[in-house]
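Novice: sequence and computational prediction follow.
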Amino acid sequence: MPNEALTVVGLLVRTARDLGAQLDREFADLGLTSQQAAVLVNVYGRQSSSSELGELLSIDSAGMTRLLDRLVDKGLLAREPSETDRRVKTITLTAHGRDLAPALPARYESVAHRLESALPAADLASLRTTLEAILRARPS
């Protein structure tokens, strides 16, 4: 019989997968994944670099490159040479990306609202504290 911590790990993995699937369904009609939408939301209103976005979204360099490639192919992002460092490409939204980005946070909020509806506020606050502690405890 697995110990309690192992059971919790399994539940966390299943929960993360389920929430990811719910988020992906929210964006499917736009032809986006939740990760692609997260990039657009985080670039909206500012310029960014691939490394900044990767760090912010916890995506490795290769994964971020593929993600950005897909968004460029969809006409939502552009990569432009940085004015301060020629080795860096600045990530900006295209006109189509700027039109789409403001509507995306509400779709994340829709999934969050379902979670909020399923848990009392005290449990949700406790869960947040617990998840933050788990993230702080991970190896560097």
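Specialist: Structure's in. What do you need? Numbers count the residues shown, from 1 in each chain.

Novice: pLDDT weak spots in the chain?
Specialist: 1-2, 140 (pLDDT under 70).

Novice: can you list the residue ranges for strands in it?
Specialist: Secondary structure of the chain (DSSP state E): strands at 48-49, 77-81, 89-93.

Novice: please identify the most buried of these.
Specialist: Mean neighbour count (mean count of other Cβ atoms under 10 Å) peaks for strand 89-93 among the strands of the chain, with a mean of 19. C-beta: built from backbone N, CA, C; applies to glycine.

Novice: what's in contact with that strand?
Specialist: The contact list for strand 89-93, computed with Cβ atoms under 8 Å, 6 or more residues apart in numbering, reads 40, 43-44, 47-50, 53, 68, 76-83, 101.

Novice: cutoff 6 Å now
Specialist: Contacts of strand 89-93 with the rest of the structure, by Cβ atoms under 6 Å, 6 or more residues apart in numbering, involve 43, 47-48, 77-80, 82.

Novice: distance to residue 90 added to those, as JSON lines?
Specialist: Output for the contacts of strand 89-93, formatted as JSON lines (distance: Cβ to Cβ, whole Å):
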{"residue": "43", "distance to residue 90": "10"}
{"residue": "47", "distance to residue 90": "5"}
{"residue": "48", "distance to residue 90": "7"}
{"residue": "77", "distance to residue 90": "11"}
{"residue": "78", "distance to residue 90": "9"}
{"residue": "79", "distance to residue 90": "7"}
{"residue": "80", "distance to residue 90": "5"}
{"residue": "82", "distance to residue 90": "5"}
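
Novice: which one of those residues sits closest to residue 28?
Specialist: residue 77 (19.2 Å; Cβ to Cβ).

Novice: how near is residue 91 to residue 59?
Specialist: Taking Cβ to Cβ, to the nearest Å as the measure, residue 91 and residue 59 are separated by 13 Å.

Novice: near the nearest residue to residue 40 once chain neighbours are set aside, how many other residues are there?
Specialist: Counting by Cβ to Cβ, 6 or more residues apart in numbering, residue 40 lies nearest to residue 101, which is 4.8 Å off, once chain neighbours are set aside. When counting by other Cβ atoms under 10 Å, one arrives at 19 neighbours for residue 101.
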